[in-house]
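Peer 1: next come a sequence and a model predicted from it.
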Amino acid sequence: MSAPGRLRRFAIRTGAVAAKEATHAVRDPRTLYLALGMPVVLLVIFGFGISFDVEDVPIAVVDQDRTPDSRALERSLTTGHEFVVAARPDDPAEVDRLFRERTVSAALVVPRGFAREWAAGRRAPVQLLVDGSDGVGAQSVLGNASAALRAEGRRRLAAETGGAAAPLAAEVRLLFNPALRSAVFFVPGLIAYILYIVGVLLTALTIAREQERGNLEQLFATPVGRLEVMLGKLLPYLALGLLQALLVLAFGMAVFEMPLRGSLGVLGLGTLLFLAGALAQGLFISSVAGSQQVATQAGALSSLLPGVLLSGFVFPVENMPLLLRALASVFPARYYVDLLRGVMLRGNGFDALWGDFLGLGVFCLAAVALATLGFRRRLA
Amino acid sequence: MNPVVAADGLAHAYAAARALDGLSFAVPAGELYGLVGADGAGKTTALRILAGLIVPQRGTARVAGLDPADAGSGVRESLGYMPQRYSLYGDLSVAENLRFFARLFCLSRAVYAERSARLLAITRLERFAERPAQQLSGGMYKKLALACALLHRPRVLLLDEPTNGVDPVSRLDLWQLLYEFVAEGMAVVVSTPYMDEAERCHRVGLVHHGRLLLEGEPQTLVAAFPESVLRVVGAAERAEAVLERAGADVVAVAPLGGALRVVVRRDAVAALAAALAAEGAGVETLRPSFEDLFLVRAAAGASPGEAAA
């Protein structure tokens, strides 16, 4: 057999680079840890660490009324898992000290005459105090406590009027996440963030390393082309990345009880595009960085910031100023977060998610093109 | 002569220094050409330009009639290059490195099997086929790099200081291998800082400050050397004073072990030898070598080169 055709030579050389790269990856324990160990570690740390669900908040109850009615009010707070009574001071002035000592994060004060006022059909005010120094926590505590107290008020009203409902009460149902568990909201963002940063870091070192070790000098004297090098480096890490994604998604579903309501095919294709884009971003950084140190830092920064701040993981992209929204639209993280929420929680298919697929696809192609063009096939 | 390798007026400067300043030479098929010069003379830059790794700022390079920087021309199929730096993949074995480069040149399995077996045999690396490249000795590594550069049977082989860091026995092996390939019609350009290796080449070009000082067959060049060479032992300070007084009659002085190697004008050698012996120094006449040639020409050629830089 003499000279193979152009396309076949392209495939042979791309395959040669891919096989070599796979051998490097398999023989380097750090690569395997970065690809398969770190994502799970990150998911556990962040998954359990980031939670807006508040449970067992210590509360002080100052019951000056001491009637069955006041005790019923207290029970309405403590029947769920949200609050536990940590102190029962007699003097409302004690409450201040308990807050300062951080013994309690909230306090309920039922004044003398509460039951009498209620029975007389008059306003029966109770006092709810919440530690506002932890902003996010305070909002949840406040929300939980006032919801419980309002519910108790409605229950009493209904009991007295013989089952007639309160005049106006919205019946609230949360779709797709009825218990409003923050994990269900967070884990898709977390998965996108982890796959993004690990994907970029996996390839960010590959070209810079060969440059530092002098490998490129020998490689450049062969007929191998730039695109062949790029695709050859992309493919094995894409396989490794898919394995990683499978691990992270399975872990997320098993441990954080994430549902998968849409199709696995939609999820798989979206994940493939997202990973290819992240890996190509790493290759681009590697080809222009010049050293492994610069490549690591640029790789971490360029995936961490968009992955956390511009992805909708923590802050909704829709509420950002125009400039930040435009910036967020460049990076693939926001499309993937949106796609994950869509396919996992809402059960969306291509018809609803085509915009995300378009964003992921465009980024992936642009990143491969930039990496190939940025890779100078010359020595300095 | 129809050259397979041609450098014509190559000039190149890096940010910090000028590397090449109008270097020209040509090599026909079946010739072993040596680029000889000290470190920093510009040898590596010249070879990198011929390998298409650097585009020269002035001048042209041709390999098999093609521009080596033009990747689309297929020039790389005709070119084998062995860099001075360790450039193979250290975590890949000897066989894996060979296989990788064979595939980059799209050799079929059968061709790869046959050629790699032969190359491993003549480099005597067969026993180490499974050993990672980073665990090879300096000499074995260079032989593997040579094998990787030869798999695709290039018409032109460029070797940048192949014997640097190699033990004397492996050095002989390497030269022996090169003679075999040259005999088959390959054009080989080899750079070396070792003057004694110049005499192993068919033709040499003496590189100094980025240009050719002298070119020709080493035996002819040395035979035409017009000066005499003395080895002077002992009476160090008094001997040096004699050499000092001799002025322009002493062309070059270099340390030689514990003694001095002195290049002297032929018509002045008898008088100088007598003067040195009178001061109690041991004097002995040496056969001129390539190194003497280099010393004299570099001393003479240094000034214009430095003025240009």
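Peer 2: Received, thanks. Only a predicted model underlies this, so the values are computations on that prediction, with no experimental measurement involved.

Peer 1: what strand or helix carries residue 158?
Peer 2: The chain I'm using is chain A. Following DSSP states H and E, one finds A:Ala158 within helix A:135-160.

Peer 1: nope, chain B
Peer 2: Under the assignment here (DSSP H and E), B:Leu158 is part of strand B:156-160.

Peer 1: tell me what that strand is packed against?
Peer 2: strand B:3-13, helix B:43-50, strand B:79-82, helix B:138-150, helix B:168-183, strand B:187-192 (3 or more CB pairs under 8 Å, 6 or more residues apart in numbering or on different chains; DSSP states H and E). For the C-beta atoms, the positions are set from N, CA and C on the backbone; glycine is no exception.

Peer 1: and the angle from the fourth one to strand B:156-160?
Peer 2: Spelled out, it's helix B:138-150. If you take axes from the mean of the first three to the mean of the last three CA atoms, to 10 degrees, helix B:138-150 sits at 150 degrees to strand B:156-160.

Peer 1: now helix B:138-150: average pLDDT?
Peer 2: Averaging pLDDT along helix B:138-150 gives 92.

Peer 1: packing partners for that helix?
Peer 2: strand B:79-82, helix B:94-104, helix B:109-122, strand B:156-160, helix B:168-183.

Peer 1: now the fifth one
Peer 2: Using 3+ CB pairs under 8 Å, 6+ apart as the contact criterion, the neighbours of helix B:168-183 among helices and strands are strand B:32-36, helix B:138-150, strand B:156-160, strand B:187-192.

Peer 1: just checking, next helix/strand downstream of the helix or strand of chain A with the lowest mean pLDDT?
Peer 2: Every helix and strand of chain A was ranked by mean pLDDT, DSSP states H and E. The lowest is helix A:135-160, at a mean of 78. Heading C-terminal from helix A:135-160, the first helix or strand you meet, by DSSP H and E, is helix A:182-204.

Peer 1: distance from that next one to the middle of the chain?
Peer 2: 7 Å (CA atoms, centre = their mean, to the nearest Å).

Peer 1: outside of stretch A:228-239, which residues touch it?
Peer 2: The contact list for stretch A:228-239 (CB atoms under 8 Å, 6 or more residues apart in numbering or on different chains) reads A:10, A:13-18, A:20-22, A:25, A:35, A:199, A:202-203, A:206-207, A:219, A:272, A:275-276, A:279-280, A:283, A:368, A:371-372, A:375.

Peer 1: got it, and stretch A:116-136?
Peer 2: A:52, A:69, A:73, A:95, A:99, A:102, A:104-111, A:114-115, A:137-138, A:141-142, A:145-146, A:149, A:156.

Peer 1: listing request: residues of the stretch 1-150 of chain A with sub-threshold pLDDT.
Peer 2: The stretch 1-150 of chain A contains residues with pLDDT under 70 at A:1-3, A:50-53, A:135-136.

Peer 1: which parts of it sit against chain B?
Peer 2: Taking CB under 8 Å from any CB of the partner chain, the part of the stretch 1-150 of chain A that reaches chain B is made up of A:1, A:3-4, A:8-9, A:12-13, A:15-17, A:19-20, A:23-24, A:27-28.

Peer 1: what's the helix or strand for the nearest residue to A:Arg155 once chain neighbours are set aside?
Peer 2: Using CB to CB, 6 or more residues apart in numbering or on different chains and skipping residues adjacent in sequence, the residue nearest A:Arg155 is A:Ser76, 7.9 Å away. Secondary structure from DSSP H and E places A:Ser76 in helix A:68-78.
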